[in-house]
Each structure stands twice: as structure tokens, then as C-alpha cells.
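Novice: Just to be clear, the model below is a prediction. Sequence and coordinates:
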Amino acid sequence: MEGVAAGGDRPHPPGHYPVVVVGSGPGGLQTGYWLKRLGLPHALLSADDGPAGMFRKWPFFQRLITWTKPFAPVKRGTREYEWYDWNSLLADEPELRALAPGEMDGTSYFPSRPEMERGIAAFAGKAAIEVRYGCRWEGTRRLDDGRLAISTSDGEYTCRAAVFAVGTTVPWKPGVPGMEDVPHYAETRPVREYAGRRLAIIGKRNSGFELADGLLPWARQIVLLSPRPARISVLTHSTAAARARYLQPFEDHLLGGGTFVLDAAIERIERVGGGWRVHAAGTTRPGAIVLDADEVIAATGFTTPLRDLPDLGVAVFAQGRLPAQTHLWESPSAPGVFFAGSVTQGSIGLKKYGIPSNSAAVHGFRYNARILAEHLAETLGGWERPRPVVEAESVVPYLLREATRAPELWNQQSYLARVLTFQPDRGIIDDGIRPLAQFVDGTGPDAVAVAVETDADGDIHPAVYVRRGGRVADHVLPSDRLLDFTTDEHRAALAALLGDLMS
Amino acid sequence: MAQSREELLDLLAGLTLFADLAPPQLEAAVHTFDEEWFGEGQRVLRQGMSGTGFYVILEGQAAVRIDGEDRATLGRGEFFGEVSALLDDQPVADVVAVTPLRCLVLHKAELESFLLAHPTVMLRMLQAEARRLRSANRWRG
């Protein structure tokens, strides 16, 4: 058995480990927690000097857009509570669960950045997750025997699998002439410095609206520009759009209050005197736009710090900002290279009705991390997944209860599913929570997977995927006004779908 | 593979489907569509599966597969998924990446509004559909 290299006061000195995890944000810590829990030796490395990753600094206005509800319809600390608490990391031990609400002061159900940072640090401390801080990943190469070598500021690590939980944290700007001179969101100055200024914000996603919202009391005028119309969460039924809490600038625009939200392609940005001139072309409403502003901020997003991974063969997309990934978050073009944390948004899944997963946020990727750790423990550590037998009469109520309450299914809609397999020799087996796309595209015995999905009309309902004779078909169960999918109607519908499999 | 904004815009401008769009509309298209990447053997469109989208191939090749049998190969500039997206129906074929495949993708709800806002793209799509129908009729004859 490969083990942890020895020596020194700091944990995880250079040496050989089955797995090396890079990053101490919530993705790296969650992966490290589950690897430790599953008994797979690993090294957890971080260039930072403490836990929490991007939450040590951002968001700029120090308030998150992911909810944690201290008082919820279910008891705090239960599995079901995870749907109401998007900001705590997962754990088996009761004392490590739901740490985020304990840090919150009651002024908002969106934690402040310091509250979030404290919650993550508390998790790392209470779970005794050992991280080698101050150890910077500097390069990666493939050894002749197929292993990976990770060079760091502390020396070289070798491993059979490397998990990069490095976040989408590097400021990114599109290659528009003049954009290179414009400050990025990450370089936004203290708000008082924008008092009475005319401000152009390039970008209409959450970071753009966050700045506009925070600077409404300060700026003389705010113009938000980007080529496509703003996507609003309450209209797209997805968190991957501008969130409702940032929509005050949009209302200001609609009421003619001095804020403008324009659909325009930026052609170039130039310095004029002490300010800027933005040249753009209207998209939904054609015509040239020339805009003078005292300040311009590029709220154009972030990219993944992949360093030399593309040279190792890691395929990237989205203008190089994300690595392509399999359903189990491995690079399809560089075996052994895995990803965790917000980078896992690069594993698209089914994306039904155009709604993406929540893998870009803690409440989505914390589940990806558990499944990834289980996969690594199975393939590299000899861990055996518990596969309990489910009695036939329990299948329907169990699956409907999962569809109603399972946090994995609600936080990762159309992305993760509860899977049961029907095995002639063993009976009905609970295969756990699995990536839905892996189930749909995989092979195996007759089986059923239950997920929760929101369709294009915003209807939330259970979706049932049944594999018979190697072919998978999907079926939609009815919705319910109070989102209770355990009604007689649901029981009858699911029983009819599965009847022949359970006989 | 093209990665920068300029390369992506050039790539799009070179595709028949988008050939009539002015630069601002091309830029808006880049922001309207999502980009996805598929490894060799990965399914892009799934036969009989609801809630899918419309895909345009930027790079790579894909096989159109019905009940496990390959019926056609699609390459750069070609598109698929439009029938199920426009008719709100389930795809009648799998589309599977046979090489690393890079696509632009748009969901049904956005496809309709995009086509209505860009009638030249709709015309190009209609012409391509007419050619496909003609080929199918010749094959049957």
C-alpha cells in the first residue's frame, strides 16, 4: 500500500502519494475530507496560508448570493437541511455539519464573506483536515510509468491521480482592443472613489450586477454593456443567471432612473483625457454607441489557473477558461488528471432544458467531491461501495422520498440521481448517488435513476430514467404545488413505470 | 483549437449558417450560445431523451446513430438537434463524438428567439434542411 511520505512538521511533505489534491478552498477541503474519511492516503497542498480559497477575498461587496436559512422546514444538521444551507461543507459527523448558519448574525440569509470564510475555516479545523499551506503548485509532467509528477515550491510529488481544486479565480478579459487597460472586477477600488463618477461596467452577469448594485449610491451614472440581453434567474429558473438580489440596477434601468442596461458588442475602448470612451455596436437594437465614462470596469469573469496542464494534454474549452471533463470530472484527454470545486462546471452533464448544474457553486460541487473521492477510493484504494439491498415494496416510497427531500437531487438538478439496480442474483441494490449522465450513457443491468428537474416552463418535478435491456428512457412524473412528490398520484405513476422490473 | 475571442469570431464567420451576420450580431451569437466539448465516444444528443438543444459543430466530427447503427457523419459547420428543439420532441437518433468535438449549443427556448431575431440564419438553416430532404428523397428513390 502506498502511504504518506514522512518527515517535517508541516503535513504532506514531497514524496509519492496515491492522490495529490491542489487547493484549500471549499472544493479542495471537501475532497480532502472525503478522501480521509474513505482512508485513501493523499497530499493536500495549497499556495495560500489558510483555508477558504476565493472566500478569503471575494465577493467584492462582501455578501454571497448563495442562501443559508438558519430556520428551515427541516431540522438543522440533517441531510435534508443541506437544501436550505448552500454554504456548509458535507460531513458524516453531526458536529461538522451545517457550520455556516452558526456563523451568521441574522441580518441576511446570504452569509457575509467573513461569515463564509469563518464557516469553512471552522470545518477545516474541526475536521482536522491537514493541508500543506504555503506550498505552490508550479508544474506538472507525466512519468514514463504513467504516474503524474507535481512540482511545487516545496519539492516534487508523484501520484497516480491529481485533483486540481484551483477555482475559477484568475481575472479574465476578452480580447477587445483597449480592454487590456481597463481595470477588472478584481481591481475595483473602494466605493467612495466612485462618488459622482460616470461608470461603464462591461458585463451583465452576477459580478457586473453586483458592482452596479453596490455602486448605485455612489456613481453619477452606471451603464452596463454586453452583447446578449441579461439573463435573470427568476426568468431562467436557474442560479446561472443574474440573481434577484442584484436586480435593483435593472429596475432602475426599466424606470429610467439613470442606470442603463444595454445590449451591445464592445468594439474598442480608448483613453480620452482623464476618462474613457467606449465604442460599441447595438445587438438587439442595432446602431453605433459611443459612450464617455469616467470609469470602466471589466466584469467579464474569471478563468481557471491551469498552468501547464494544457501542455500535458488537458483539453480546454470556453475560450480556454475551463478544462473538458468526463462525467467523473477526469480530463478525457489526460488520464489521471481530475478536477474538484468550481472547475467541475466543465463537466456539463445533460443540461436539460438548457439549465446548467450548480457545479460552479459550493452547494453543487460539494456533492461532486464526495462522488469523486468515492471513485478514487474504489479505483486506487480498494474501497468497496456499500450496496444495500432494497426490498421491492420499499422501492417506490424510497425513490419518491428521495425526489422530495434528497439534497443531492435538489442542489444538482438533472445532474445527480439516486440509482437502484435490479440484479437477478442479489435483488434490488441501492447504488447510491451517481452522475445522471454516467447512468444514462452507461451500460449495466436493468436499473432506475431518479432525479429532480426544472423544465423550460419552470415546472419542478421528478424525472425517472429507466434502463431496460440496455436502453434508457426518461419519464416525467407530475409536479406538485407544495413540491411533495410522495402523493398517491406519484406512487401510482412510479409503480406503473417500474412494475415489471420488481416482479 | 481556436480559443481566443477573435479566433472564435473568425471561426463563426466562416460557417455557412452564420455567414450573413454582421460583426456585432456574430459577437452576440458567441455570447448567446454556450460552448461544449466532447471526448471521443461521448454522446452529445441522446435518442429518446427529452429537454435537449440545438448544436453547431465548430471542430471535430460526430456520428448520427439510430438504434446503434451509424447513418451519417457530421463535421464542421453542420448542425443537429434542431428538429427536436423546434418541435419540442425527443431526438430520433444519438449523436456521438467520433473525434474530440467542440460545439456551440442553444436550448429550444432560446433557439426560437434567436432565429426570429436573425432571419438570415433561419434562411440558411431552411436551405440546409431542404438539401437534407432532397438527399433523403434521392436515397429513397
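Specialist: Sure, I can see it.
Novice: Every contact and neighbour count from this point should use C-alpha atoms.
Specialist: Noted.
Novice: where does chain B have low pLDDT?
Specialist: B:1-3, B:139-141 (pLDDT under 70).
Novice: residues in it within reach of chain A, list them.
Specialist: B:2-6, B:8, B:24-25, B:27-29, B:31-32, B:34-39, B:43, B:48-53, B:102, B:106-109, B:117 (CA under 8 Å from any CA of the partner chain).
Novice: Now, of these, which are buried?
Specialist: B:5, B:8, B:24-25, B:27-29, B:32, B:35-39, B:43, B:48-53, B:102, B:106-109 (16 or more other CA atoms under 10 Å in any protein chain shown).
Novice: which SS class is residue A:491?
Specialist: helix (DSSP: H, G, I helix; E, B strand; the rest coil).
Novice: burial measure for it, as a count.
Specialist: 17 (other CA atoms under 10 Å in any protein chain shown).
Novice: Give me the longest helix you can find in chain B.
Specialist: Longest helix in chain B, counting residues (DSSP state H): helix B:119-140.
Novice: mind listing what the nearest residue to residue A:26 once chain neighbours are set aside touches?
Specialist: Nearest residue to residue A:26, sequence neighbours excluded (CA to CA, 6 or more residues apart in numbering or on different chains): residue A:52, at 6.0 Å. By CA atoms under 8 Å, 6 or more residues apart in numbering or on different chains, the contact set of residue A:52 is A:24-26, A:117, A:120-121.
Novice: Okay, and which of the residues you listed map to helices?
Specialist: Using DSSP H, these in helices are A:26, A:117, A:120-121.
Novice: And the strands in the stretch 251-400 of chain A?
Specialist: A:259-272, A:275-282, A:288-293, A:295-298, A:302-303, A:316-317, A:322-323, A:337-339 (DSSP state E, counting those that start in this stretch).
Novice: can these go into TSV with extra columns for distance to chain B?
Specialist: Shown next, in TSV, are the strands of the stretch 251-400 of chain A (distance: least, CA to the nearest CA, whole Å):
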stretch	distance to chain B
strand A:259-272	5
strand A:275-282	6
strand A:288-293	10
strand A:295-298	15
strand A:302-303	13
strand A:316-317	6
strand A:322-323	9
strand A:337-339	15
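Novice: Same list (these) but as a markdown table, adding distance to residue A:451 and mean pLDDT.
Specialist: Shown next, in a markdown table, are the strands of the stretch 251-400 of chain A (distance: least, CA to CA, whole Å; pLDDT from 0 to 100):
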| stretch | distance to residue A:451 | mean pLDDT |
| --- | --- | --- |
| strand A:259-272 | 36 | 96 |
| strand A:275-282 | 41 | 96 |
| strand A:288-293 | 46 | 97 |
| strand A:295-298 | 38 | 98 |
| strand A:302-303 | 30 | 96 |
| strand A:316-317 | 27 | 94 |
| strand A:322-323 | 26 | 97 |
| strand A:337-339 | 23 | 98 |
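Novice: Export those to TSV and append columns for mean neighbour count.
Specialist: Putting these into TSV (neighbours: other CA atoms under 10 Å in any protein chain shown) gives the following:
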stretch	mean neighbour count
strand A:259-272	20
strand A:275-282	20
strand A:288-293	16
strand A:295-298	24
strand A:302-303	18
strand A:316-317	22
strand A:322-323	26
strand A:337-339	26
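Novice: Tabulate those in TSV, adding columns for distance to residue B:124.
Specialist: Output for those, formatted as TSV (distance: least, CA to CA, whole Å):
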stretch	distance to residue B:124
strand A:259-272	23
strand A:275-282	23
strand A:288-293	27
strand A:295-298	35
strand A:302-303	34
strand A:316-317	26
strand A:322-323	31
strand A:337-339	40
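Novice: What residues does residue A:65 make contact with?
Specialist: Shown in contact with residue A:65 (CA under 8 Å, 6+ apart): A:110, A:243, A:245.
Novice: list the contacts for the first one?
Specialist: Contacts were defined as CA under 8 Å, 6+ apart; by that measure residue A:110 touches A:63-68.
Novice: what about 10 Å?
Specialist: Residues in contact with residue A:110 (CA atoms under 10 Å, 6 or more residues apart in numbering or on different chains) are A:63-69, A:85-87, A:101, A:104, A:116, A:245.
Novice: Quick check: phi and psi on residue 108?
Specialist: By default, I'm working from chain A. Note on residue A:108: its backbone torsions stand at phi -160, psi 150 [degrees, to the nearest 10].
Novice: What of the one 3 residues further on?
Specialist: Dihedral pair for residue A:111: phi -60, psi 150, per degrees, to the nearest 10.
Novice: ok, now residue A:476?
Specialist: Dihedral angles (degrees, to the nearest 10) for residue A:476: phi -100, psi 130.
Novice: what are the bridge partners for the closest residue to it other than its chain neighbours, then?
Specialist: Once flanking residues are discounted, residue A:476 sits nearest to residue A:463: 4.6 Å by CA to CA, 6+ apart. Counting by DSSP bridges, residue A:463 is bridged to residue A:451, residue A:476.
Novice: and residue A:463, how many neighbours?
Specialist: 21.
Novice: I figured it hits residue A:493, correct?
Specialist: No. Using CA atoms under 10 Å, residue A:463 makes no contact with residue A:493, being 11.5 Å away.
Novice: Which residues are in contact with each of those two?
Specialist: With CA under 10 Å, 6+ apart as the test, residue A:463 and residue A:493 both reach A:475-478.
Novice: tell me the secondary structure for residue A:422?
Specialist: Residue A:422 ends up strand, using three-state DSSP.
Novice: Repeat that for residue A:78.
Specialist: coil.
Novice: what does the stretch 201-350 of chain A have sitting close to chain B?
Specialist: Residues of the stretch 201-350 of chain A found near chain B (CA under 10 Å from any CA of the partner chain) are A:226-229, A:263-267, A:280-284, A:286-287, A:315-327, A:331-333, A:346-350.
Novice: Mind doing that once more with 8 Å?
Specialist: A:227-228, A:264-265, A:281-284, A:316-320, A:324, A:326, A:332-333, A:348, A:350.
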